[in-house]
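>>> Need the 3D shape of this:
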Amino acid sequence: MPTSTQQLDHRQTLVPRSAAAGEKQHYLSVELRPDLEAPRRCRQTVERTLSRWGWTGRQAEVAELLVSELASNAVIHAGSALRLSLLLSGERIRIEVADRSRTLPELRPRASGGAGGWGLRLIDQLSTRWDAERRLDGKVVWAELEL
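A predicted model of the protein is given here:
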């Protein structure tokens with residue numbers, strides 16, 4: 001439930017998930033408008049949430065950078081509402097940003113010389129793994145990190 005200090009332009013859902021015996025697992029999902037503040041709000045959400053879940057330090061900072069790139073891409077290229085989802089399962093965090101565009105991002109070769117595409121290269125270098133999947137109502141781009 002959003003608190004009085006949270007902006008009313010997004011909805012937040014905290015859903016308990018089943019986990020293997022002894023494995024910590026948490027899930028958070030937030031819907032945001034596609035404005036220029038969305039990447040900042042995503043970073044702040046990731047920072048607060050991971051801290052609450054006990055994830056701090058370098059990997060938490062990398063998660064903030066990854067979500068910033070994922071959210072920026074959604075705002076720039078999809079221009080639709082976006083949904084940030086975080087899933088902590090054991091020692092792995094999965095960061096997802098879904099939007100309403102069905103166009104999948106493309107990792108460009110370094111020699112392309114274009115102004116865009118560097119965010120995906122950063123995601124590719126910093127994450128344990130990442131991918132993008134089409135869904136009926138758009139797509140989701142996700143990245144995972146190991147603690």
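>>> CA atoms for contacts and neighbours, from now on please.
Noted.
>>> can you pull out the helices in the protein?
With helices called from DSSP state H, the chain shows them at 38-52, 58-73, 118-126.
>>> mind putting those in CSV, distance to residue 106 included?
Output for the helices of the chain, formatted as CSV (distance: least, Cα to Cα, whole Å):
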stretch, distance to residue 106
helix 38-52, 20
helix 58-73, 11
helix 118-126, 8
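>>> of those helices, which approaches residue 139 most closely?
helix 58-73 (12.0 Å; Cα to Cα).
>>> Just the C-alphas of that closest one, formatted as PDB.
Once non-C-alpha atoms are left out, helix 58-73 reads as follows in PDB (Å, rounded to 0.1, in the frame of the first residue of the first chain):
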ATOM      1  CA  ARG A  58      28.400  -2.700  -4.300                       C
ATOM      2  CA  GLN A  59      25.800  -5.100  -5.700                       C
ATOM      3  CA  ALA A  60      22.900  -2.800  -4.400                       C
ATOM      4  CA  GLU A  61      24.600   0.100  -6.200                       C
ATOM      5  CA  VAL A  62      24.900  -2.000  -9.400                       C
ATOM      6  CA  ALA A  63      21.200  -2.800  -9.100                       C
ATOM      7  CA  GLU A  64      20.400   0.900  -8.900                       C
ATOM      8  CA  LEU A  65      22.400   1.500 -12.000                       C
ATOM      9  CA  LEU A  66      20.800  -1.300 -13.900                       C
ATOM     10  CA  VAL A  67      17.200  -0.200 -13.000                       C
ATOM     11  CA  SER A  68      18.100   3.300 -14.000                       C
ATOM     12  CA  GLU A  69      19.100   2.100 -17.500                       C
ATOM     13  CA  LEU A  70      16.100  -0.200 -17.800                       C
ATOM     14  CA  ALA A  71      13.700   2.500 -16.800                       C
ATOM     15  CA  SER A  72      15.300   5.100 -19.000                       C
ATOM     16  CA  ASN A  73      15.000   2.800 -22.000                       C
END
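>>> helices or strands up against it?
Counting contacts by 3 or more Cα pairs under 8 Å, 6 or more residues apart in numbering; DSSP states H and E, helix 58-73 is packed against helix 38-52, strand 92-99, helix 118-126, strand 138-146.
>>> can you list the residues that contact stretch 64-82?
Here stretch 64-82 makes contact (Cα atoms under 8 Å, 6 or more residues apart in numbering) with 31-36, 38-40, 42-44, 46-47, 95-101, 119-120, 122-123, 126-127, 141-143.
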